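Asker: Sequence and predicted structure are below.
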Amino acid sequence: MANDLNVVALVGRLTRESELRYSSGGMAICRFSIAVNRRKRTADNRWEDEANFFDCTLFGKSAENLNQYLEKGRQVSIIGELRQSRWEQDGQSRSKVEVVVNSLQLLSSPGGSSDSRGGQQQRSWGNQQAPQGGQNQYQGRTGQEEAAPAFDMVGPEQFDDDEIPF
């Protein structure tokens with residue numbers, strides 16, 4: 001019995017248009033890449049952004065439904081798991097780690113603009129279950145969508161060194 005955990009949550013922007021393909025069994029496979037910026041302090045005490053790039057794969061009906069919305073520059077939130085592929089090419093062992101997406105939320109338009117209420121536009125797809133006794137704020141595999149609530153998150157880069165509580 002394994003007590004291991006493989007969960008990844010990322011918020012970033014698509015670096016290219018998504019690609020939709022189908023397996024020989026007819027399964028939809030949507031591939032895309034996101035860039036996730038993190039702010040770090042340099043040796044001369046300035047802040048700068050560092051980009052990390054992640055290849056992502058989405059399968060099934062969600063892949064078919066979302067492909068048209070996954071445009072370069074759009075901000076998304078994903079929850080998934082890491083998968084490592086291994087193969088041999090030209091006599092050398094190769095490997096690649098990618099994020100297999102279980103749920104995806106659209107956070108903005110491709111240009112990064114927000115909606116008329118001043119908040120970010122959010123839509124969800126994936127394998128989420130509706131909350132019991134309440135409205136379904138996510139889209140499952142039925143094709144219906146509703147806006148998810150917006151959250152204002154504060155990260156460590158918004159604090160001065162004197163204000164960080166740890």
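Answerer: Right, received. Where do you want to start?

Asker: any idea of the pLDDT on residue 108?
Answerer: Predicted confidence (pLDDT) for residue 108: 82.

Asker: In contact with residue 72, which residues are there?
Answerer: Counting by Cβ atoms under 8 Å, 6 or more residues apart in numbering, residue 72 touches 14-17, 110. Quick note: C-beta positions are derived from backbone N, CA and C, even for glycine.

Asker: helix, strand or coil for it?
Answerer: Classification of residue 72 by DSSP: H, G, I helix; E, B strand; the rest coil places it in coil.

Asker: Dihedrals phi and psi, it?
Answerer: Main-chain torsions, residue 72, degrees, to the nearest 10: phi -50, psi 130.

Asker: so how far is residue 16 from it?
Answerer: Taking Cβ to Cβ, to the nearest Å as the measure, residue 72 falls 5 Å from residue 16.

Asker: Then residue 42?
Answerer: 29 Å.

Asker: And these two? Which one has more around it.
Answerer: Remark: of residue 42 and residue 16, residue 16 carries more neighbours, 13 against 8, as counted by other Cβ atoms under 10 Å.

Asker: Tell me how far that one lies from residue 56.
Answerer: From residue 16 to residue 56 the distance is 11 Å (Cβ to Cβ).
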